[in-house]
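Asks: below are the sequence and a predicted model; questions follow.
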Amino acid sequence: MVRSHSRVPRRLLIALALALAVALPGFAPAQASPAVPVSGLPAIERLDALLDQLADPEPAVNGPRRTDPTTAIDAAEADALAPPPYKVTSYTIRTLARTALPYVSTSMPTKVPPTPHDANGIPMKLVGTKLYYSPAGLAQYGLRHEDAFRRTGDPDYRAIATKVMKKLIEIGVVSDGAIFIPYRFSFAMHRISTEVMVAPWYSAMAQGLALSLAVRLFRDTNDPVFRTYADNLFRSFRRIGRGTRPWVTYIDAGRYLWLEEYPEPVTPSDHTANGFNFALFGLYDYYQESHDAYALQVLRASLTTMRHYISAYRRPGTYSKYCLRHGKPQAKYHTIVTSQLTYLYKMSGDSYFLSMQKLFYSDYH
């Protein structure tokens, strides 16, 4: 359960920091703490030069309360599921305005594909002497162009996003009805030669980014093929690792559910914060579209995990750990996670995330 904190007056919370502007709602659901002021929000740096700024130019819209019939049915269905093997907090998930979601920008991406790319203009990554598709990078590229289509109505942007989405599905691997998008190149964690993600490997971050892209293209086009893509991508989060089959989720000894950016076959897993949260954003998008009871359960469990562990990433007075297994603090990812915490607050209504955002912000400012 979410701990209760002392009440403070509700008011509109506005913080500006460089490229990011966020408006925070004052409503707090029954099992979440009330809103508290925020001191400032950092600018967002691009992730691998593809992640656009997580701008939020308009106020978020509060989600329906428990008395709303649709929400009550969703919650009841989730509660009626078989007890999960992981911990779940009964968050009331807020519905945010489209412009208040992650991956909303104010800049315009170019229509010219980056170098290198394939014959169809799909970006590729040079690893050694070979070219590969990089799932997370591709999904980020698609999200930027889908956002540009939504803001401008220019069909060229939608065509680029659609082309990327179809490529992600084309290179995907089907396992028990779920689509997993593989990395076909091996990757040494933090350049550690003894800790290599051996190809093919899979990532919750890539799965979540692709899930967000599929959901948003479905909303743009009402084409059922994108809803099918989303359903099949979501199923990947139902496969609990470890094992020989593809997996991206894991339950630790404390019964917390992890969305692993790097699903290593070792114990403990890497537990990368920013990748976890990008995967969670995909779950949020999917639940908002599907109102699926199991999606609600997994989303709530993911919020529960990050709430429990986020303080373990903090290094007071400086930037935070990249992951819990290796540490490896980096200013870039500290900035990203700081802003992600604001979205977790807005999605869940739990002001603990906002309190931690303030601490992370003050640690590096």
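Replies: Perfect, thanks for sending it. Residues are numbered from 1 along each chain as shown.
Asks: contacts only, for the residue nearest the centre of the chain.
Replies: Centroid-nearest residue in the chain: Phe278, 2.0 Å away (criterion: CA atoms, centre = their mean). Residues in contact with Phe278 (CB atoms under 8 Å, 6 or more residues apart in numbering) are 136, 205, 208-209, 261, 340. For the C-beta atoms, the positions are set from N, CA and C on the backbone; glycine is no exception.
Asks: please repeat the previous calculation with a cut-off of 6 Å.
Replies: Contacts here follow CB atoms under 6 Å, 6 or more residues apart in numbering; on that basis Phe278 touches 205, 208-209.
Asks: point out where this protein drops to low pLDDT.
Replies: Low-confidence segments of the chain, defined by pLDDT under 70: 1-76, 79-80.
Asks: how about a cut-off of 80?
Replies: Low-confidence segments of the chain (pLDDT under 80): 1-81, 266-268.
Asks: in it, which spans are strands?
Replies: When assigned using DSSP state E, the strands of the chain occupy the ranges 13-17, 20-24, 125-127, 130-132, 173-175, 178-180, 187-188, 196-197, 240-241, 249-251, 257-259.
Asks: turn the ones you listed into CSV, columns for mean neighbour count and distance to Phe226.
Replies: Shown next, in CSV, are the strands of the chain (neighbours: other CB atoms under 10 Å; distance: least, CB to CB, whole Å):
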stretch, mean neighbour count, distance to Phe226
strand 13-17, 16, 34
strand 20-24, 20, 28
strand 125-127, 14, 25
strand 130-132, 14, 25
strand 173-175, 14, 17
strand 178-180, 24, 13
strand 187-188, 14, 29
strand 196-197, 16, 29
strand 240-241, 18, 26
strand 249-251, 20, 23
strand 257-259, 27, 22
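Asks: now tabulate the ones you listed in TSV and tack on distance to Val215.
Replies: Shown next, in TSV, are those (distance: least, CB to CB, whole Å):
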stretch	distance to Val215
strand 13-17	27
strand 20-24	22
strand 125-127	25
strand 130-132	26
strand 173-175	19
strand 178-180	14
strand 187-188	27
strand 196-197	27
strand 240-241	23
strand 249-251	19
strand 257-259	17
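Asks: so which of these is nearest Val104?
Replies: strand 20-24 (10.7 Å; CB to CB).
Asks: how near is the residue nearest to the centre of the chain to Ser134?
Replies: Separation of Phe278 from Ser134 (CB to CB, to the nearest Å): 14 Å.
Asks: tally up the residues packed near the nearest residue to Ala312 once chain neighbours are set aside, please.
Replies: Nearest residue to Ala312, sequence neighbours excluded (CB to CB, 6 or more residues apart in numbering): Leu324, at 6.0 Å. By other CB atoms under 10 Å, the residues close to Leu324 number 16.
Asks: would you mind measuring from Leu324 to Tyr287?
Replies: 26 Å.
Asks: send the alpha carbons of the longest helix anywhere in the chain over as PDB?
Replies: For the chain, the longest helix by residue count, based on DSSP state H, is helix 293-313. The C-alpha trace of helix 293-313 is given here as PDB (Å, rounded to 0.1, in the frame of the first residue of the first chain):
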ATOM      1  CA  ALA A 293      -7.400  -6.000 -16.500                       C
ATOM      2  CA  TYR A 294      -4.100  -7.900 -16.800                       C
ATOM      3  CA  ALA A 295      -2.400  -4.800 -18.300                       C
ATOM      4  CA  LEU A 296      -3.600  -2.800 -15.300                       C
ATOM      5  CA  GLN A 297      -2.200  -5.400 -12.900                       C
ATOM      6  CA  VAL A 298       1.300  -5.400 -14.700                       C
ATOM      7  CA  LEU A 299       1.300  -1.600 -14.800                       C
ATOM      8  CA  ARG A 300       0.400  -1.300 -11.100                       C
ATOM      9  CA  ALA A 301       3.100  -3.900 -10.200                       C
ATOM     10  CA  SER A 302       5.700  -1.900 -12.200                       C
ATOM     11  CA  LEU A 303       4.800   1.300 -10.400                       C
ATOM     12  CA  THR A 304       5.100  -0.600  -7.100                       C
ATOM     13  CA  THR A 305       8.600  -1.800  -7.900                       C
ATOM     14  CA  MET A 306       9.900   1.500  -8.900                       C
ATOM     15  CA  ARG A 307       8.400   3.200  -5.800                       C
ATOM     16  CA  HIS A 308      10.100   0.600  -3.600                       C
ATOM     17  CA  TYR A 309      13.500   0.800  -5.300                       C
ATOM     18  CA  ILE A 310      14.000   4.300  -6.600                       C
ATOM     19  CA  SER A 311      15.700   5.500  -3.400                       C
ATOM     20  CA  ALA A 312      18.400   2.800  -4.000                       C
ATOM     21  CA  TYR A 313      19.500   4.500  -7.100                       C
END
